[in-house]
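1. prediction below, plus the sequence it came from.
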Amino acid sequence: MPELPEVEIVARRLNASLAGAVVESVLAPGMNVMKTFDPPLDALVGREVTAVLRIGKMPVVKFGDLALLIHLMSAGRLRVFDKRASAKDRASRVLVRLSDGRELRLREFGTKQRAWAKLLETDAIGEEEMVATLGPEAWPPPPLEAFAAAIDQPRHLHPLLRHQKDIAGIGRSWVDEILWEARLSPFKKGSELDAEEVERLHAGLHVLGDAIEYYEGTIGEEVPDKVPMPLKVHKREGKPCPRCGATIEAVFFSEHQMNYCPVEQTGGRVLKDRRLSKLLK
């Protein structure tokens, strides 16, 4: 799933590329992709793209007083193309065709059509449920006190940091990196952290900003569908820890995995089966 750094670089590149572009037509070939019907999509015809930005993990494309709020889910991608999609492009979900011949295209790969979009009045974006219920943005980091209050819960840090209503923007990839940076067990509970550990975790959010800087220096005008993420721990099981050299371990779940350094994060204990997660505190 595209997370805060990846959506941020997409928004920045699209904002630079699309500013002032005029909408010629809009199509939504994706089944059930549009979650709003008033105003209709054709209300965008003739409007200019005024900005592209990010809220949490969601890109927002503004057209003056109207805006498309998009949730990419796990397999959605938002890119601009010089040529328009053909009728054979089964990945197309929303097509914003521009008067200069280009096309802003929301695509989704795989068979699970979960990505969605809502056309809303720009001033109402903040009131939309998916936005209004978000926790503080993970980057730039919220004030330490606000962060400490958000994570002071009897829940394991790995799912807690990924819960958008608590902290917005972090997903399965970057939570591993943040916890590794902070030298904290993914199974430690937020309410168990002492003041020093909270400070370490808060400081660890810098990996999101580091990733954005990395993308700024390595990605050109067009963002590829598969962004080369500068990950040190996530999906690197069997590799040496970049700090201590210990073997990175993994816990596998039905739809995702969790990676960590057993020496630096879990006191030397290795968890091989997610059913034994209660052993890690």
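-> On my side now, so go ahead. Only a predicted model underlies this, so the values are computations on that prediction, with no experimental measurement involved. Residues are numbered from 1 along each chain as shown.
2. what ranges does this structure have for its strands?
-> For the chain, strands defined by DSSP state E occupy the ranges 23-27, 51-55, 58-63, 66-71, 76-81, 92-98, 103-108, 116-121, 249-252, 257-260.
3. other SSEs contacting the fifth one?
-> This points to strand 76-81. Counting contacts by 3 or more Cβ pairs under 8 Å, 6 or more residues apart in numbering; DSSP states H and E, strand 76-81 packs against helix 4-18, strand 103-108. Bear in mind the C-beta positions are built from the backbone N, C-alpha and C, glycine included.
4. does residue 51 touch residue 59 like I think?
-> No. In this structure residue 51 lies outside contact range of residue 59 using Cβ atoms under 8 Å: 10.9 Å.
5. quick one, which of the two is more surrounded?
-> When residue 51 and residue 59 are compared for neighbours, residue 59 comes out ahead with 25 against 16, by other Cβ atoms under 10 Å.
6. verify the stated contact: the more buried one with residue 9.
-> No. Look at residue 59 against residue 9 with Cβ under 8 Å: they stay out of range, at 10.8 Å.
7. and the gap between residue 154 and residue 271?
-> To residue 271, residue 154 is 20 Å away according to Cβ to Cβ, to the nearest Å.
8. which one's more surrounded, these two?
-> residue 271 (21 against 9).
9. pLDDT at that one, what is it?
-> Note on residue 271: pLDDT of 78.
10. what do you get for the one 5 residues further on?
-> pLDDT for residue 276: 48.
11. and if you look at residue 87?
-> 76.
12. let's have the chain start at 6 instead
-> Will do, 6 is the new start, and the previous item becomes residue 92.
13. now do the contacts for the residue nearest to residue 249 when sequence neighbours are not counted.
-> Using Cβ to Cβ, 6 or more residues apart in numbering and skipping residues adjacent in sequence, the residue nearest residue 249 is residue 268, 5.3 Å away. Contacts here follow Cβ atoms under 8 Å, 6 or more residues apart in numbering; on that basis residue 268 touches 246, 249, 251.
14. kindly tell me how buried residue 45 is, as a neighbour count.
-> Neighbourhood size, residue 45 [other Cβ under 10 Å]: 12.
15. out of the contacts of residue 268, which end up buried?
-> Those of the contacts of residue 268 that meet the buried threshold are residue 246, by 16 or more other Cβ atoms under 10 Å.
16. can you redo the contacts of residue 268 as TSV with distance to residue 128 and pLDDT?
-> Formatted as TSV, those follow (distance: Cβ to Cβ, whole Å; pLDDT from 0 to 100):
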residue	distance to residue 128	pLDDT
246	48	98
249	51	97
251	52	97
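17. closest to residue 141 out of the contacts of residue 268?
-> residue 246 (29.8 Å; Cβ to Cβ).
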